[in-house]
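1. just coords:
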């Protein structure tokens, strides 16, 4: 491990030929420690990459529910209010008969807000495996139910209902 740059042609510098460090104060070769350091650096980089991917996962879902919450609070609410107004004005239903439509959209908005913050909570919390699985199970249940309600409110062809109303009761549909 010890090398000396020999005089007369060399400078007389002493060094470790394995790690190429100065021999002064050299007790043992750190070549293994360097590889361990590299391994630690790789693990650290891997851990950082994993944490970045984890953050991205939670952030993207947070943003998606925030956008959906804004949609429910504005465009969807306006559209449902127009449908409810049409039902009340042209079909003769009372405002109370149609209020469930507005309530459904308000519930979607509230649920989106709640679900959005569950992603922030999930990112910051330090659960054990069992608790994390339970948390994610409940989060998935809420998200699935919310998506079904959103789908009903967004994709229902209300014009079809208005046409059917002329032939029968609204409650029988």
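-> Looks like it arrived, so ask away. All values derive from a computational prediction rather than experimental measurement.

2. rest of the way, CA atoms for contacts and neighbours
-> Fine.

3. now the residue positioned nearest the centre of the chain, nearest residue through space, not along the chain?
-> Residue closest to the average C-alpha location in the chain (C-alpha atoms, centre = their mean): residue 58, at 2.4 Å. Leaving aside its chain neighbours, residue 58 sits nearest to residue 119 (5.5 Å; criterion: C-alpha to C-alpha, 6 or more residues apart in numbering).

4. Need the pLDDT of that neighbour.
-> Note for residue 119: predicted pLDDT of 93.

5. So for the helix or strand containing it, what gets flagged as buried?
-> According to DSSP states H and E, residue 119 maps onto helix 95-124. Buried residues in helix 95-124, counting neighbours by 16 or more other C-alpha atoms under 10 Å, are found at 98, 101-102, 104-109, 111-113, 115-119, 123.

6. what's the angle between the lengthiest helix in the chain and helix 95-124?
-> Assignment by DSSP state H gives helix 31-71 as the longest helix of the chain. Going by axes from the mean of the first three to the mean of the last three C-alpha atoms, to 10 degrees, helix 31-71 is angled at 170 degrees with respect to helix 95-124.

7. How far does helix 31-71 sit from its chain's centre?
-> Centre-to-centre, helix 31-71 and its host chain are 13 Å apart (C-alpha atoms, centre = their mean, to the nearest Å).

8. Could you list every helix and strand in contact with the next helix or strand after that helix?
-> Using DSSP H and E, the helix or strand that directly follows helix 31-71 along the chain is helix 77-90. Counting contacts by 3 or more C-alpha pairs under 8 Å, 6 or more residues apart in numbering; DSSP states H and E, helix 77-90 is packed against helix 95-124.

9. so the following helix or strand past the helix it packs on versus helix 77-90, what angle?
-> Next along the chain after helix 95-124, taking DSSP H and E as the criterion, comes helix 129-155. Computed by the same axes, to 10 degrees, the angle separating helix 129-155 from helix 77-90 equals 40 degrees.
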